[in-house]
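1. from the sequence below, what's the structure:
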Amino acid sequence: MNYLKKSYIVTMGSFQMAILLMFNSWEKVTYREVVTHTQLSDKEMIKQVQSLIDAKLIVTEVSVQHVNISLMFKNP
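-> Below is the predicted model:
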């Protein structure tokens, strides 16, 4: 992650990386777009997205169906 003042190394699984790579092309993606792109089941998708949200690598807007990259990540 090189957009922050301090460099970070992030370790994650292939599914999580596939989700984050979508943000190289789009600033915002919908839940359905991510499901279509990754071909994950809803159960697996929720698990993967929740871990990215918990790590503050992505954020959701008011709608749970919309996922957006977090550019405001801060050290705890």
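2. helices and strands around the helix or strand hosting R32, which ones?
-> Here R32, judged by DSSP states H and E, is contained in helix 31-38. With contacts taken as 3 or more C-beta pairs under 8 Å, 6 or more residues apart in numbering; DSSP states H and E, helix 31-38 sits against helix 14-21, helix 42-54, strand 66-69. In short, each C-beta sits where N, CA and C put it, glycine included.
3. again, only this time at 7 Å
-> helix 14-21, strand 66-69 (3 or more C-beta pairs under 7 Å, 6 or more residues apart in numbering; DSSP states H and E).
4. worst average pLDDT in those?
-> Of all the helices and strands packed on helix 31-38, the minimum mean pLDDT falls on strand 66-69 (a mean of 53).
5. helix, strand, or coil at I9?
-> Under DSSP: H, G, I helix; E, B strand; the rest coil, I9 falls in the coil class.
6. centroid-nearest residue for this protein?
-> Centroid-nearest residue in the chain, with C-alpha atoms, centre = their mean: I58, separated by 4.2 Å.
7. what about the nearest residue to that residue once chain neighbours are set aside, distance to R32?
-> Nearest residue to I58 in three dimensions, chain neighbours excluded: L52, at 4.7 Å (C-beta to C-beta, 6 or more residues apart in numbering). Per C-beta to C-beta, to the nearest Å, L52 is found 17 Å from R32.
8. which one's more surrounded, the two?
-> Of the pair L52 and R32, L52 is the one with more neighbours under other C-beta atoms under 10 Å, namely 19 against 11.
9. mind checking pLDDT for that one?
-> Predicted confidence (pLDDT) at L52: the value is 87.
10. so it touches A18, yeah?
-> No. Judged on C-beta atoms under 7 Å, L52 makes no contact with A18 at a distance of 11.0 Å.
11. so where's the protein shaky on pLDDT?
-> The model of the chain has pLDDT under 70 over residues 1-4, 61-76.
12. how about a cut-off of 50?
-> Counting by pLDDT under 50, the chain has low-confidence residues at 63, 70-76.
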